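Colleague: next come a sequence and a model predicted from it.
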Amino acid sequence: MSQKIRAIKGMEDLFATKPVQVWQSIEAQARSLFERAGFQEIRTPIVEETALFERGVGETTEIVEKEMYTFKDRNDKSLSLRPEGTASVVRAFIEHFTDHQIQEGRFYYMGPMFRYENPQKGRYRQFHQIGVECFGQDHPGLDAEIIFLLDQLLRSLHLNQFELKINSLGSSECRQNYLSALKEYFTEHRSQLAEEDLQRLERNPLRILDSKEPQSQEVIGQAPDLSDYLSSENQSHFLAVQNFLKNLGVPFQVDSRMVRGLDYYEKTVFEFISTDLGAQSAIAGGGRYNRLVKSLGGPVVPAIGFALGMERLVSLLSADRLNLKSLTKIFFAALDEESEKYFSALLPQTRQLSAVTQVDWGSSSLKSKMKRAARWGAEWVVLSGESEQQKGVLILRDMKASTQEEIAREQLLDVLKRISE
Ligand code: AMP
């Protein structure tokens, strides 16, 4: 026997753990909500030049240093599977929009991202994000609007057990001052840091604040606070964001230790956390990135965005809260060839119905056809065999009530329309 080929470690078949309709209903809800807020979908390639992520995400981030799927194409060019969505959207924005003097845009995307991480619950090598990117304004009201959009999406999916954490990273100047203070502090306390964090100290001390190393936690707890390094302009921006959020009725907590894992953020950053997720508790995160468009070769255009992890969200949603349609509502079961032809000829009309319908092809017993109907979750079965053929009737069986009635062929379409609603 030849060996079975299996899916790659950390990459999942999405229907395997939850019905695919759960994914579809999240996507549909997101599209509807985002489009009502003036966002349009953007679809960028999954593969980009490696340099885009090095410059966009940051060369000293874990993602770029350790997690990218990078390879050479046949022309020796270094390409990478996208590890996140923002860099590609910014590249596309610069390429297609800024040339035409349009320095504004509201985009959303959904699709797979790739990071070579250690797979575990809630952490995969191929995972899916839904994200938005909003270009053109640097106003605290917009920061709150974007956070509100995400909050609304989660609530519209009946998710209640989550918390919103926000912080301000200040501008690059505030961050530079903070970084020096942080470096000085951690260098003074280097003997208490874990090995991993000593390396972070050399490359990017901000990353130590994200560290999960138990040995480093005490030193991290006493580290200088970013909020003390914000300029007064950044402080008032952050206060205004908080006031706008209060205005919108969005509950939040300020977490001055939250720095997020990507280099491009500044000013407002945020994360939605669920305590029901275990170790990988972040459902979504985002923030402002006012310098990224310029640093990728575009004009100065402020921007803000977020990305939501679909796998984590899907794992939190219970299928029965989402009002999913059954796989098949009306099942046509033919017990002889003539009836099969009759149902086949009806297909153009039955496909016009709003309900999901399915014909059971092939000769098998009534019993096995009814079993199949039940397996597909059919609510109604339309049966026809030789005697029904001769009489010009059909049997309509109500699967829930376990009752059935005879109906004339001429009535069938009217009856189907009625039960489809
Ligand atoms: P990030 O792009 O790292 O800010 O991540 C945004 C969101 O994507 C996170 O809050 C997670 O919900 C999700 N996410 C990030 N990495 C993974 C992963 N390896 N597997 C599953 N979900 C992920």
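Modeller: Now that the structure is in, tell me what you want to look at. Numbers count the residues shown, from 1 in each chain.

Colleague: and the stretch 201-350 of the chain, which residues reach the ligand?
Modeller: 261, 282-285, 307, 309, 311-312 (Cβ under 6 Å from any ligand atom). Backbone N, C-alpha and C define where each C-beta goes, glycine included.

Colleague: in JSON lines: these, plus neighbour count and pLDDT.
Modeller: Formatted as JSON lines, the entries for those read as follows, by neighbours: other Cβ atoms under 10 Å; pLDDT from 0 to 100:
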{"residue": "261", "neighbour count": "16", "pLDDT": "65"}
{"residue": "282", "neighbour count": "17", "pLDDT": "92"}
{"residue": "283", "neighbour count": "24", "pLDDT": "96"}
{"residue": "284", "neighbour count": "26", "pLDDT": "97"}
{"residue": "285", "neighbour count": "22", "pLDDT": "96"}
{"residue": "307", "neighbour count": "22", "pLDDT": "97"}
{"residue": "309", "neighbour count": "23", "pLDDT": "97"}
{"residue": "311", "neighbour count": "21", "pLDDT": "95"}
{"residue": "312", "neighbour count": "24", "pLDDT": "94"}
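
Colleague: farthest-apart pair in the residues you listed, please.
Modeller: For those, the farthest-apart pair by Cβ to Cβ is 261 and 311; their separation is 17.3 Å.

Colleague: returning to that earlier point: out of the residues of the stretch 201-350 of the chain next to the ligand, who's nearest the ligand?
Modeller: residue 309 (2.1 Å; Cβ to the nearest ligand atom).

Colleague: give the contact list for that closest one.
Modeller: Shown in contact with residue 309 (Cβ atoms under 8 Å, 6 or more residues apart in numbering): 122, 127-129, 282-284.

Colleague: where does the stretch 151-300 of the chain dip in pLDDT?
Modeller: By pLDDT under 70, the weakly predicted segments of the stretch 151-300 of the chain are 261-262.

Colleague: quick one, helices of it?
Modeller: Secondary structure of the stretch 151-300 of the chain (DSSP state H, counting those that start in this stretch): helices at 172-188, 195-203, 217-221, 232-248, 292-295.

Colleague: and the shortest one, how far out from the chain middle?
Modeller: Between the mean C-alpha location of helix 292-295 and the chain-wide mean there is a distance of 25 Å, by Cα atoms, centre = their mean, to the nearest Å.

Colleague: toward the C-terminus, what is the element adjacent to it?
Modeller: As assigned by DSSP states H and E, the chain's next helix or strand after helix 292-295 is strand 303-309.

Colleague: which single residue of the stretch 51-200 of the chain ends up nearest the ligand?
Modeller: Relative to the ligand, the nearest point of the stretch 51-200 of the chain is residue 127 (3.4 Å; Cβ to the nearest ligand atom).

Colleague: returning to that earlier point: out of the residues of the stretch 201-350 of the chain next to the ligand, name the ones that lie in strands.
Modeller: Residues of those located in strands (DSSP state E): 282-285, 307, 309.

Colleague: rewinding a little: closest one of the contacts of residue 309 to residue 57?
Modeller: For the contacts of residue 309, the minimum distance to residue 57 (Cβ to Cβ) is 13.6 Å, reached by residue 129.

Colleague: now the closest one, which residues is it bridged with?
Modeller: Note on residue 129: beta-bridge partners by DSSP bridges are residue 111, residue 309.

Colleague: could you do the one 4 residues further on as well?
Modeller: When bridges are called by DSSP bridges, residue 133 pairs up with residue 107, residue 305.

Colleague: what about it, distance to residue 371?
Modeller: According to Cβ to Cβ, to the nearest Å, residue 133 and residue 371 sit 50 Å apart.

Colleague: who's more crowded, the two?
Modeller: Legend: neighbour count by other Cβ atoms under 10 Å for residue 133 and residue 371, higher for residue 133 (27 against 11).

Colleague: what sits against that one?
Modeller: Shown in contact with residue 133 (Cβ under 8 Å, 6+ apart): 42, 85-86, 89-90, 93, 105-109, 303-305.

Colleague: now these in TSV, with pLDDT and neighbour count?
Modeller: Formatted as TSV, the contacts of residue 133 follow (pLDDT from 0 to 100; neighbours: other Cβ atoms under 10 Å):
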residue	pLDDT	neighbour count
42	98	19
85	96	23
86	96	26
89	97	23
90	97	27
93	95	26
105	94	21
106	97	18
107	98	23
108	98	24
109	98	22
303	97	25
304	98	27
305	97	25
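
Colleague: need those in TSV (columns: distance to residue 376).
Modeller: As requested, those are arranged in TSV below (distance: Cβ to Cβ, whole Å):
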residue	distance to residue 376
42	37
85	36
86	41
89	40
90	45
93	45
105	44
106	41
107	39
108	34
109	34
303	47
304	45
305	41
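
Colleague: quick one: which of those residues is nearest residue 364?
Modeller: Set against residue 364, the nearest of these by Cβ to Cβ is residue 109 (45.5 Å).

Colleague: and the residue nearest to residue 369 when sequence neighbours are not counted, backbone torsions?
Modeller: With Cβ to Cβ, 6 or more residues apart in numbering as the criterion, residue 369 has its nearest non-adjacent residue at 4.2 Å, and that residue is residue 333. Main-chain torsions, residue 333, degrees, to the nearest 10: phi -110, psi 110.

Colleague: who is residue 333 paired with across the strands?
Modeller: residue 360, residue 383.

Colleague: wait, what's in contact with it?
Modeller: 360, 366, 369-370, 373, 381-384.

Colleague: distance of it relative to the ligand?
Modeller: 42 Å (Cβ to the nearest ligand atom, to the nearest Å).

Colleague: ok, now residue 236?
Modeller: Separation of residue 236 from the ligand (Cβ to the nearest ligand atom): 26 Å.

Colleague: burial count for that residue?
Modeller: Neighbours of residue 236 (other Cβ under 10 Å): 12.

Colleague: go on, residue 407?
Modeller: Residues lying near residue 407 (other Cβ under 10 Å) number 17.

Colleague: contacts only, for it.
Modeller: Counting by Cβ under 8 Å, 6+ apart, residue 407 has contacts 393-396, 415.

Colleague: one more time with 7 Å
Modeller: Going by Cβ atoms under 7 Å, 6 or more residues apart in numbering, residue 407 touches 393-394, 396, 415.

Colleague: for stretch 80-99, buried residues please.
Modeller: Buried residues in stretch 80-99, counted by 16 or more other Cβ atoms under 10 Å: 80-94, 97-98.

Colleague: what's the span of that stretch, first residue to last?
Modeller: Counting by Cα to Cα, to the nearest Å, you get 26 Å between the two ends of stretch 80-99.

Colleague: was I right about residue 162 contacting residue 272?
Modeller: Yes - if you go by Cβ atoms under 7 Å, residue 162 and residue 272 touch, sitting 5.3 Å apart.

Colleague: since that was my last question, I'll sign off now.
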